[in-house]
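Novice: Fold the following, please.
(2 chains)
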Amino acid sequence: MSEEQGYDRGSSLSIFGSDRREDFMALTFALIIAFGVYFAY
Amino acid sequence: MVYTKKSPALLIIGLVMLAIWYLADSGMIAPYLEHLAAGKKYKYGAELTSLPLYFGIISVVIGAWQQFGSHKEGHWDYYSSTIAGGMFILLIAMLVRWFIAPEVAVISMSMGKVGDTGKYIHKLLGLNYVVMGILTGIIIVNVFKVPEWAKNGVRLSRLGLKTGVILLGTLYSAAELKNLGGLSIVMIGFFVLGSVGMVLWMGSRRKIPNSMGGVLSAGMGVCGVSATVASAPVVQAKSVEIAYTIGTILLWGVGCMFVFPIIGNLLGMSHVQFGAWAGTGILNSAQVAGAALAYQPDGIETLKVAEIFNITRVLVLPIIVIWLAVWYVKKEESATHTVNVGRVIFEKFPVFVLGFILLFALSTTGMFAPANHYKGKYFGNTAESGFKESKLLKADQAALLQGESVKIERADRKEAVQRLIDNGKIMSIEDDTAIRGLINAKLLSKDANKVLKGSHKAVRHTAKKIKAFRNWIVWLFAFGLVGLGMQITVGSMKQAGGQPAVIGGIVGFTKAALSLLVVMLLISETI
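Specialist: Purely as a prediction, here's the structure:
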């Protein structure tokens, strides 16, 4: 689908090259937030 | 290629955010906020005097650099080019949540309640910040088009939704799954397998290509886009068939997102009932969240139940992929090459679901709240667990309860009240449940019920960490759903036309109707 939408990097739904990479980024952000909340409250 | 645009847009967005913060913090818009609160306390005061300041400063600094700095090709250039679009979505989410949705509620309330429903029209139609955020996104993309400088940022919305789904794991504990897990597995198993089978059967009757039927069945049965993508290689689907399937799912889901909350309100469904229904009947994770938040915008109990059902459905994905592989090979006996099913599952299984399970496991250990917490709330009658001695029963209150206890017939309730009188506080979670039942039964006088309610509140606590997680989740979903709206073009809706849309519509409707029936018959739990 990325070719159809004309995106050089990522796809029309994501800035990342693959779903797997997006999943890992989401996991990283979620863990940062989780530990931030854990230590801040 | 250099992605960062030399545009003043981000700088202007930052200045608008700072202006909102200043107007709120200085009290200049206090009368307007009072009007939006409709006689109550304005709910978003704390957010309004902090978030626009932080994000405004970030936007102004980065916006000035984007406008006046020089940019070179590379990773930093690519990722920083998403900030303007991200802040654009965030600004829309802020305006909708803080001003537009409350204004619509005020107008709706001024029109009075609708007939016998006892509810205002904005409640019945689910017109809150979630739905209006998505609608705003759809309007922007179809009427004005997403500005060039914002295009990269709009593609961040799915990242926001996935992060939100992972964080939802912090709100659950194993104690909760004991109540919901079994039912969600049985319901989801039945409806997922039933939908996949029905699409495959209808597809062969209506003579659509096997690859189209296969990919549509996974999309309609399991979890929308992820399942479509995961099953496509197994049934060797063409890209146009993937696009048709995604278009069908999105169109169906958009309809559900608006219709489900209306039906839920008309039937007076509990949060658990609606969550189970949405989690079963709606296909796309984001749209499940949209419907659940639309039904209950001021809390996330519905969302949590819906996500449990939704996550259960995602976990069925490997089984469906294997089934489709076997089905496809049987249908296409002349297939020229084989598909490695194990590799497809390994490569396409969504890792964010594993993230949810990881945070769920951490939450179950008691890291964020006592391990027995239920939806962030937990029982505690000691000073260490948050009980205040000032909440102990007074002598006159104990006497009132003692005098009225003769009216109580059920032994468990009678004993729970006696222990409350003897100790001045509720002694166990079982006693608390019995006393809540007694309050709901309205057996005692108003004054006695008030005393019981006070005792109940004194031993029920909400974990601060869970409260913080709730705020994060609501904002991540608001961000993701506004961005999702910006990806729904009239063109993608038209793509759902024809046979896939007919089959998808029939199967989707059957699943929604049957799951509604099952939910109403089997689920009676309320929150």
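Novice: Tell me if stretch B:474-492 is near chain A.
Specialist: Yes - using Cβ under 8 Å from any Cβ of the partner chain, stretch B:474-492 reaches chain A at B:Gln487. Placement of C-beta: from N, CA and C, glycine included.
Novice: Could you export that stretch as CSV, CA atoms only?
Specialist: Extracted in CSV, the C-alpha atoms of stretch B:474-492 (Å, rounded to 0.1, in the frame of the first residue of the first chain):
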residue,chain,number,x,y,z
VAL,B,474,-7.6,8.7,27.5
TRP,B,475,-5.2,11.2,25.9
LEU,B,476,-3.5,8.6,23.8
PHE,B,477,-6.8,7.4,22.5
ALA,B,478,-8.1,10.9,21.9
PHE,B,479,-5.0,11.6,19.9
GLY,B,480,-5.2,8.3,18.0
LEU,B,481,-8.9,8.7,17.2
VAL,B,482,-8.6,12.2,15.8
GLY,B,483,-5.7,11.0,13.6
LEU,B,484,-7.8,7.9,12.6
GLY,B,485,-10.6,10.3,11.4
MET,B,486,-8.0,12.0,9.3
GLN,B,487,-7.4,8.7,7.5
ILE,B,488,-11.0,8.1,6.5
THR,B,489,-11.5,9.5,3.1
VAL,B,490,-14.7,9.3,1.0
GLY,B,491,-12.5,7.3,-1.5
SER,B,492,-11.7,4.6,1.1
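Novice: For that stretch, what is the distance to the chain centroid?
Specialist: Stretch B:474-492 sits 13 Å away from the centroid of its parent chain (Cα atoms, centre = their mean, to the nearest Å).
Novice: Name the residues of that stretch that are buried.
Specialist: Within stretch B:474-492, the residues scored as buried using 16 or more other Cβ atoms under 10 Å in any protein chain shown are B:474-489, B:492.
Novice: Likewise for stretch B:316-324?
Specialist: Neighbour counts over stretch B:316-324 (16+ other Cβ under 10 Å) mark B:316-318, B:320-321, B:323-324 as buried.
Novice: With stretch B:55-64 instead?
Specialist: The neighbour-count check on stretch B:55-64 (16+ other Cβ under 10 Å) flags B:55-56, B:59-60, B:62-63 as buried.
Novice: what do you get for stretch B:206-221?
Specialist: Under the neighbour-count criterion of 16+ other Cβ under 10 Å, stretch B:206-221 has B:208, B:210-221 buried.
Novice: Out of these, list just those in helices.
Specialist: B:210-221 (DSSP state H).
Novice: which of those lies closest to B:Ser231?
Specialist: B:Ala218 (3.6 Å; Cβ to Cβ).
Novice: Name the residues of chain A found near chain B, please.
Specialist: A:1, A:4, A:8-16, A:19-20, A:22-27, A:29-31, A:33-34, A:37-38, A:40-41.
Novice: if you average pLDDT over stretch B:5-17, what comes out?
Specialist: Throughout stretch B:5-17, pLDDT has a mean value of 94.
Novice: Then stretch B:467-474?
Specialist: 88.
Novice: sorry, back to before: are any of the residues of chain A next to chain B buried, and if so which?
Specialist: Buried among the residues of chain A next to chain B (16+ other Cβ under 10 Å): A:9-11, A:13-16, A:19, A:22-23, A:25-27, A:29-31, A:33-34, A:37.
Novice: And B:His461, which helix or strand is it part of?
Specialist: strand B:460-462 (DSSP states H and E).
Novice: For burial, what's the neighbour tally of B:Asp111?
Specialist: Rather than Asp, residue B:111 is Met. Using other Cβ atoms under 10 Å in any protein chain shown, B:Met111 has 10 neighbouring residues.
Novice: Actually, B:Met1.
Specialist: With other Cβ under 10 Å as criterion, B:Met1 counts 7.
Novice: Show the contacting residues for it.
Specialist: By Cβ atoms under 8 Å, 6 or more residues apart in numbering or on different chains, B:Met1 lies in contact with A:8, B:73.
Novice: angle of the helix or strand hosting B:Pro500 against helix B:210-221?
Specialist: Element membership for B:Pro500, per DSSP H and E: helix B:499-522. Counting by axes from the mean of the first three to the mean of the last three Cα atoms, to 10 degrees, helix B:499-522 lies at 30 degrees to helix B:210-221.
Novice: what distance separates helix B:499-522 from the centre of its chain?
Specialist: Taking the mean of its C-alpha atoms, helix B:499-522 sits 20 Å from the chain's own mean (Cα atoms, centre = their mean).
Novice: Check which residues of that helix are buried.
Specialist: Counting neighbours by 16+ other Cβ under 10 Å, one finds that the buried residues in helix B:499-522 are B:499-501, B:503-505, B:507-508, B:511-512, B:514-516, B:518-519.
Novice: Can you list the helices and strands that that helix packs against?
Specialist: Helices and strands touching helix B:499-522, as assessed by 3 or more Cβ pairs under 8 Å, 6 or more residues apart in numbering or on different chains; DSSP states H and E, comprise helix B:174-205, helix B:210-221, helix B:239-267, helix B:271-281.
Novice: Switch these over to JSON lines; also include distance to B:Lys151 and mean pLDDT.
Specialist: Below are the helices and strands packed on helix B:499-522 laid out as JSON lines (distance: least, Cβ to Cβ, whole Å; pLDDT from 0 to 100):
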{"stretch": "helix B:174-205", "distance to B:Lys151": "34", "mean pLDDT": "78"}
{"stretch": "helix B:210-221", "distance to B:Lys151": "26", "mean pLDDT": "86"}
{"stretch": "helix B:239-267", "distance to B:Lys151": "19", "mean pLDDT": "80"}
{"stretch": "helix B:271-281", "distance to B:Lys151": "31", "mean pLDDT": "88"}
